[in-house]
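K.L.:
Fold the following, please.
(one chain, ligands or ions: 1)
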Amino acid sequence: MIELRTPTQIEQMRPAGRFVASVIKALSEKADVGVNLLELDELAHRMIKDAGAESCYIDYHPSFGASPFGKVLCTSVNDAVLHGLPFDYTLQDGDLLSVDFAASVDGWVADSALSVIVGTPDEKDQWLIDVTQRALDAGIDAARAGNKLGDISFAIGSVAHAEGLKVNLQFGGHGVGKTMHGEPHVPNDGRAGRGLKLRPGLVIAIEPWFLHTTDEIEFDPDGWTIRSADGSRGAHVEHTVAITDGDPIVLTARD
Ligand code: MG
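P.N.:
Numbering: from 1, shown residues only. Modelled structure (predicted):
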């Protein structure tokens with residue numbers, strides 16, 4: 001079921017958005033050569049506790065996970081791109097790290113992700129991150145009342161295709177509200193003018209993710225971490241966005 005939020009409810013979602021944005025910012029500042037992924041998870045855990053927020057991940061246990069997630073953060077490094085389960089790994093110079101974080105504040109969820117390069121950037125990795133960010137910006141710009149859901153997908157996919165990237169449709173964006181994953185599914189490619197009509201009050205996570213040279217993925221034995229099938233690196237960015245009568249509101253905007 002697709003739920004629409006009143007303007008008052010969208011205002012009530014702002015603290016969750018601000019909190020998630022502050023965690024993503026803190027993580028991107030802390031991520032450095034020599035920092036362990038478990039330290040990043042601990043930082044997010046501490047921030048959740050201090051804010052009186054609730055993790056959306058720690059008890060999350062869909063059918064594909066071998067066990068409940070058990071951490072509060074996704075950390076995907078290099079050829080891992082989505083759902084990376086934090087483990088005992090120390091970041092190396094040139095690593096491409098994607099962090100994905102969702103939490104609930106006052107009963108409302110926000111969800112956001114960011115890719116960063118640790119230490120010395122490889123030019124092609126930076127390019128991949130920039131293209132993914134441009135696709136997110138294009139998707140957000142299409143998130144307007146009167147447009148169709150396909151317009152968001154088309155905007156994201158067009159940026160990828162123009163750069164010669166393939167788009168995987170197995171995982172994409174989603175509705176956000178009292179829980180992390182609601183309807184509608186928001187594919188990262190599609191046909192303009194098709195699908196659900198966008199209305200004020202629809203709140204969705206828009207989350208393009210692309211791999212350098214493939215759209216095929218593989219799962220780690222933990223059932224969580226998703227990697228490129230060919231070992232090429234991936235980037236992932238995400239914002240929680242509210243559709244309004246006017247411009248879209250990016251609830252997880254980082255100043
Ligand atoms: Mg997310």
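K.L.:
Can you classify the residue in the stretch 101-250 of the chain positioned nearest to the ion by secondary structure?
P.N.:
Residue nearest to the ion within the stretch 101-250 of the chain: Asp111 (4.0 Å; C-beta to the ion). In this view, the C-beta of every residue, glycine as well, is placed from N, C-alpha and C. Assigned with DSSP: H, G, I helix; E, B strand; the rest coil, Asp111 falls in the strand class.
K.L.:
Could you give the bridge partners of it?
P.N.:
Ala102 (DSSP bridges).
K.L.:
What does the pLDDT read for it?
P.N.:
pLDDT for Asp111: 98.
K.L.:
Repeat that for Met1.
P.N.:
Looking at Met1, the pLDDT reads 88.
K.L.:
and if you look at the one 4 residues further on?
P.N.:
Model confidence at Arg5, given as pLDDT, is 98.
K.L.:
Count the residues that sit near the closest residue to it other than its chain neighbours.
P.N.:
The shortest distance from Arg5 to any non-neighbouring residue, by C-beta to C-beta, 6 or more residues apart in numbering, is to Gly201 (4.6 Å). The number of residues packed near Gly201 is 18, by other C-beta atoms under 10 Å.
K.L.:
What of Ile204?
P.N.:
Around Ile204 there are 29 residues (other C-beta under 10 Å).
K.L.:
Am I right that it is in contact with Glu238?
P.N.:
No. Under the criterion of C-beta atoms under 8 Å, Ile204 makes no contact with Glu238, lying 10.4 Å away.
K.L.:
joint contacts of these two?
P.N.:
Residues touching both Ile204 and Glu238 (C-beta atoms under 8 Å, 6 or more residues apart in numbering): Gly173.
K.L.:
residues in the stretch 151-255 of the chain within reach of the ion, list them.
P.N.:
Contact residues, the stretch 151-255 of the chain versus the ion (C-beta under 5 Å from the ion): Glu238.
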